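Undergrad: have a look at this prediction, sequence included:
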Amino acid sequence: MPNIRVMLWAALAAILFLNYEAWMQDYPASPGAGSPAAGTSTTAAGGNSPASRLGDSVPQAAAPSAAAPPTAAQQPVATPPGAPSMPARVDAGSPAAESRNAGAEQPPGAPVHVVTDVLDIAVSLKGGELERADLLQYPLHKDTPNVPVRLLNHDGDDSYLLQTGLTGAPGETAPTHLAIWTSPESSYVLPAGAEEIRVPLKWTDGHGLTVTKTFTFKRGSYAVDLSYDVQNDGAAARSVAAYSQFLRHWVHASRSYFDVETYSFKGPAVYDGTKARDLKVENEADSKLSETVTNGWIASLQHHFVSAIVPEAGQPNVLKLQVQGQQYLLSATGPMTAIPPGAKLRIQEKLFIGPKLQEQLAAAGPRLDLTADYGLLTVLAHPLFVTLKWIHGLVGNWGWAIIIVTALIKLLFYPLSQASGRSMAKMRAIAPRMKQIQDSYKDDREKLGRAMMELYKKEKINPLAGCLPMVVQIPFFISFYWVLLESVEMRQASFMLWVNDLSSRDPFFVLPLFMGAAMFAQFKLNPAPPDPMQAKIMQFMPLVMTGMMAWFPSGLVLYWLTNTVLSIVQQWRVNQVVQAEASKQRS
């Protein structure tokens, strides 16, 4: 009895601790009145904040090497040179440089507005920066269908920008993400029947170097093609290198048991051509990342959504992460390419701004689909997702797809569960004899164990057989958890009646209660453990599981409920068969 009390007090303490965590998550302490709020930066008079300095940084590219020649698309192409012009190189501090810099600092006009069937994007004329991106087919909340998810954002407290540009040799002006571009139109809308729209921006230094930066948006696609057409009509050779970067505000990630979304990674990630990995901005080694990769990519992740930059294939790019205050800058910088006078150059990249749709991600870049991270059991979770998606295509409902896949898994392991069920049924049949042995040797545990083993051997019963189905279910349970958590296809997916989002908890906790009742029925159907203490613990297990699963995604609870009900039906049938066989033997 004292042991039961200790367990109950421990369970109560755990529940109180989890409630305290939930309270601190929902109602965090506000900063003091005399101190700056978390995530903001103080600025000295006349100075720039660390955030602005980080956002204004332009990467420097290395000179091209013989080991990394330009691709066919990057080969400078000679064209008839224009009239001689001033040399492109300008010494820092000269009147020409000061005049040029002053011109570059003129405020840009209103951003260019681009609307497709899936994206609503604002492109700033300062650097062609993508400063806002709304995902038109993904509402922020199910009860506000007209408010879409905003992936890119220019707000200071939650800034998230995608910056692109060309950097040049030291002392040369270049169309960086700080330069001012011009656009022939102020807005672009994908016409009905059209498959793509092109948004060209233009920049020139006034001395022969002209760059056309073009974003290409396609119908139904979250991938955006980015190209630079560089024309050098000056008298001197010029060198440029493409770079792209994410500038994003970040906050310390605190996980809450009551919010499964907090278990999804939010932050920068990179792919080095062989392996994808998340970067923790609070980790000293990750925050100083600087490495050269080929056929890689960089990305900024969050739950269900991702923004990614895929540099041109075959070119070495320097991937670099900088952290300053509450912002990080993740950049990819390509090699410097020389453009002789009268020549032109084309550079191409691909951007992705949208949900983690694995087919589109895989088409946009090498293994970009790995941004939908299923954890250590990806080898099991990915086929599970593919099967779920295929069945969803047949039935049109993710809830019924989960039920059908659960039944298929149960069918796959039917021989194992059948053998386990027969062993459990036999133990139930010999329960009176087991009780008699326990009463006979209750004061001698050694003789009790020996007598029980002899009984198991005589009846050909494996007392551990009942645990095997549970052990087999654990990997599928974890895989289902990550598939439901990470697959954007199941975000806000309805099942029936009150279950309107399989990726979040049941709003009325009905499914967890059904699951707990089913587990209790399964406990009553199976033989009680021989140890009285173990039997009491197992009796409380349905209550404990109900409390735990109440905060899990309702799709996961639906899986466990379906599996438990199928196990009850199978065990009931096995019990009937074993009892019939025992009656036949007695007769």
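TA: Perfect, thanks for sending it.
Undergrad: rest of the way, CA atoms for contacts and neighbours
TA: Will do.
Undergrad: need the pLDDT of the residue lying closest to residue 375 once chain neighbours are set aside.
TA: Using C-alpha to C-alpha, 6 or more residues apart in numbering and skipping residues adjacent in sequence, the residue nearest residue 375 is residue 482, 7.2 Å away. Here, the pLDDT recorded for residue 482 equals 87.
Undergrad: wouldn't residue 482 be in contact with residue 374 here?
TA: Yes. Shown here, residue 482 and residue 374 form a contact pair, counting by C-alpha atoms under 8 Å, at 5.3 Å.
Undergrad: joint contacts of the two?
TA: Jointly contacting residue 482 and residue 374 under the rule C-alpha atoms under 8 Å, 6 or more residues apart in numbering are residue 381.
Undergrad: what comes into contact with the strand or helix carrying residue 361?
TA: Element membership for residue 361, per DSSP states H and E: helix 358-364. For helix 358-364, contacts defined as C-alpha under 8 Å, 6+ apart pick out 221, 222, 223, 310, 350, 351, 352, 367, 368, 369, 372.
Undergrad: please identify the buried residues of it?
TA: 358, 360, 361, 364 (16 or more other C-alpha atoms under 10 Å).
Undergrad: next: stretch 170-180.
TA: Buried residues in stretch 170-180 (16+ other C-alpha under 10 Å): 172, 173, 174, 175, 176, 177, 178, 179, 180.
Undergrad: isn't the last one right up against residue 108?
TA: Yes. When contacts are counted by C-alpha under 8 Å, residue 180 is listed as touching residue 108 (6.2 Å).
Undergrad: surely residue 268 is within a helix?
TA: No. Using DSSP: H, G, I helix; E, B strand; the rest coil, the assignment for residue 268 is strand, not a helix.
Undergrad: list the contacts of it.
TA: Counting by C-alpha under 8 Å, 6+ apart, residue 268 touches 278, 279, 280, 281, 298, 299, 300, 301, 330.
Undergrad: repeat the analysis, applying 10 Å as the threshold.
TA: Residue 268 sits next to 246, 248, 250, 277-281, 286, 298-302, 306-308, 321, 328-330 when contact means C-alpha atoms under 10 Å, 6 or more residues apart in numbering.
Undergrad: quick one: it from residue 288, how far?
TA: Distance, residue 268 to residue 288, using C-alpha to C-alpha, to the nearest Å: 12 Å.
Undergrad: relative to residue 139, how far out is the residue nearest to residue 375?
TA: 22 Å.
Undergrad: repeat for residue 505
TA: On the measure of C-alpha to C-alpha, residue 505 and residue 139 end up 18 Å apart.
Undergrad: thinking again about what came up before, now the helix holding residue 361, how far from the centre of its chain.
TA: 14 Å (C-alpha atoms, centre = their mean, to the nearest Å).
Undergrad: wait, residue 243 sits on residue 311?
TA: Yes. Taking contacts as C-alpha atoms under 10 Å, residue 243 lies within contact range of residue 311: 8.4 Å.
Undergrad: common neighbours of these two, please.
TA: 317, 332, 333, 334, 349.
Undergrad: name the nearest of those residues relative to residue 239.
TA: residue 334 (12.0 Å; C-alpha to C-alpha).
Undergrad: closest to residue 214 out of the buried residues of helix 358-364?
TA: Distance to residue 214, by C-alpha to C-alpha, is smallest for residue 364 among these, at 17.4 Å.
Undergrad: where is the longest helix in the chain?
TA: Of all segments of type helix in the chain, defined using DSSP state H, the longest is helix 554-586.
Undergrad: mind listing what's buried along it?
TA: Here helix 554-586 shows 554-568, 571-575, 578-579 as buried, counting by 16+ other C-alpha under 10 Å.
Undergrad: check which helix or strand the closest residue in space to residue 331 that isn't next to it in sequence maps to.
TA: Leaving out its chain neighbours, the residue that sits closest to residue 331 by C-alpha to C-alpha, 6+ apart is residue 245, at 4.0 Å. For residue 245, the host element (DSSP H and E) is strand 238-249.
Undergrad: neighbouring strands for that strand, and are they parallel or not?
TA: strand 160-168 (antiparallel), strand 327-333 (antiparallel), strand 337-339 (antiparallel) (DSSP bridges).
Undergrad: adding distance to residue 501, write those out as CSV.
TA: What follows is those, written out as CSV (distance: least, C-alpha to C-alpha, whole Å):
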stretch, distance to residue 501
strand 160-168, 27
strand 327-333, 32
strand 337-339, 51
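Undergrad: compare the ones you listed and give me the one nearest residue 381.
TA: strand 327-333 (29.2 Å).
Undergrad: mean confidence score for stretch 441-456?
TA: pLDDT averaged over stretch 441-456 gives 75.
Undergrad: same check, this time on stretch 232-250
TA: Computed over stretch 232-250, the average pLDDT equals 94.
Undergrad: same question, stretch 155-175
TA: Mean predicted confidence for stretch 155-175 is 89.
Undergrad: distance between the ends of it?
TA: Terminal residues of stretch 155-175 lie 24 Å apart, using C-alpha to C-alpha.
Undergrad: list the buried residues for it?
TA: For stretch 155-175, by 16+ other C-alpha under 10 Å, it's 158-169, 172-175.
Undergrad: where do the helices of the stretch 401-550 of the chain begin and end?
TA: Per DSSP state H, counting those that start in this stretch, the stretch 401-550 of the chain carries helices over the ranges 414-429, 431-440, 445-459, 468-486, 510-525, 532-549.
Undergrad: hey, which helix or strand in the chain has the poorest pLDDT?
TA: Scoring the helices and strands of the chain by mean pLDDT, DSSP states H and E places helix 95-104 at the bottom, with a mean of 35.
Undergrad: next SSE after that helix?
TA: Counting by DSSP H and E, the next helix or strand C-terminal to helix 95-104 is strand 112-115.
Undergrad: C-terminal to that following strand, what's the next element?
TA: Next along from strand 112-115, by DSSP H and E: strand 119-123.
Undergrad: name the strands paired with that next one and say parallel or antiparallel.
TA: Note on strand 119-123: by DSSP bridges, its sheet partners are strand 112-115 (antiparallel), strand 130-141 (antiparallel).
Undergrad: of those strands, which is nearest residue 471?
TA: Closest of the strands paired with strand 119-123 to residue 471 is strand 130-141, at 37.0 Å (criterion: C-alpha to C-alpha).
Undergrad: now do the buried residues in the next helix or strand after the closest one.
TA: Going down the chain from strand 130-141, the next helix or strand is strand 144-152, by DSSP H and E. Within strand 144-152, the residues that count as buried by 16+ other C-alpha under 10 Å are 147, 148, 149, 150, 151, 152.
Undergrad: before we move on, what about stretch 188-196?
TA: residue 190.
Undergrad: which residues of the protein score low on pLDDT?
TA: Residues of the chain that meet the criterion pLDDT under 70 lie in 1-52, 62-107, 256-258, 418-431, 459-470, 527-535, 578, 581-582, 585-587.
Undergrad: returning to what we had before: what would the buried residues of helix 358-364 look like in JSON lines with distance to residue 389?
TA: Output for those, formatted as JSON lines (distance: C-alpha to C-alpha, whole Å):
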{"residue": "358", "distance to residue 389": "11"}
{"residue": "360", "distance to residue 389": "15"}
{"residue": "361", "distance to residue 389": "16"}
{"residue": "364", "distance to residue 389": "20"}
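Undergrad: what sits against residue 447?
TA: 437, 438, 440, 441, 453.
Undergrad: what is the nearest of those residues to residue 231?
TA: For those, the nearest to residue 231 is residue 453 (86.9 Å; C-alpha to C-alpha).
Undergrad: show me where the stretch 251-400 of the chain has its helices.
TA: For the stretch 251-400 of the chain, applying DSSP H, counting those that start in this stretch gives helices covering 284-287, 358-364, 378-395, 398-412.
Undergrad: before we move on, the earlier item: correct me, but the residue nearest to residue 375 touches residue 377?
TA: Yes. Residue 482 lies in contact with residue 377 (C-alpha under 10 Å); the separation is 8.8 Å.
Undergrad: please enumerate the shared neighbours of the two.
TA: residue 476.
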